[in-house]
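Q: Just the structure for this:
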Amino acid sequence: MFAGMGTKNVETPEFDWVELHNEVSGPQTFDETSKEKLIRKIKDNPLVPIGCLATAGALSYGLWSFRTGNRKMSQYMMRTRIAAQGFTLVALVVGIVMAAAKK
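A: Just a heads-up that it's a prediction; the model follows:
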């Protein structure tokens, strides 16, 4: 070893983003399972899962109509799917804005 260098315990400073995360998130008082988190998120913004189900339903029925040869219904359901996706996106943005306003 070099002369004059002793062994010291030097604490490494934490990263700034870790401190910032701890300040923003606050103290964690409980642990929740994935199922509990999903239920909480659905209760906070129930329109997003409704929009997702509407999108999946329109897509499924549209694809089934396409397979059976019903072109008119297939086109109608694909347009309905786009509308349902738009509804879901708007519901998601509104939910984020409302959650930010609460804090």
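Q: quick one, longest helix in this structure?
A: Across the chain, the longest stretch assigned as helix under DSSP state H is helix 71-102.
Q: Who are the packing partners of it?
A: For helix 71-102, the packing partners by 3 or more Cβ pairs under 8 Å, 6 or more residues apart in numbering; DSSP states H and E come out as helix 47-68. Backbone N, C-alpha and C define where each C-beta goes, glycine included.
Q: same thing but at 10 Å, please
A: Contact analysis of helix 71-102 by 3 or more Cβ pairs under 10 Å, 6 or more residues apart in numbering; DSSP states H and E lists helix 34-44, helix 47-68 as its packing neighbours.
Q: Output the first one in CSV with nothing but the alpha carbons.
A: As requested, C-alpha coordinates have been extracted for helix 34-44 and formatted as CSV (Å, rounded to 0.1, in the frame of the first residue of the first chain):
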residue,chain,number,x,y,z
SER,A,34,-50.6,-7.7,-8.0
LYS,A,35,-54.3,-8.6,-7.8
GLU,A,36,-54.9,-5.9,-5.1
LYS,A,37,-53.1,-3.3,-7.3
LEU,A,38,-55.2,-4.3,-10.3
ILE,A,39,-58.4,-4.0,-8.4
ARG,A,40,-57.4,-0.6,-7.0
LYS,A,41,-56.5,0.7,-10.5
ILE,A,42,-59.8,-0.5,-11.9
LYS,A,43,-61.7,1.2,-9.1
ASP,A,44,-59.7,4.4,-9.7
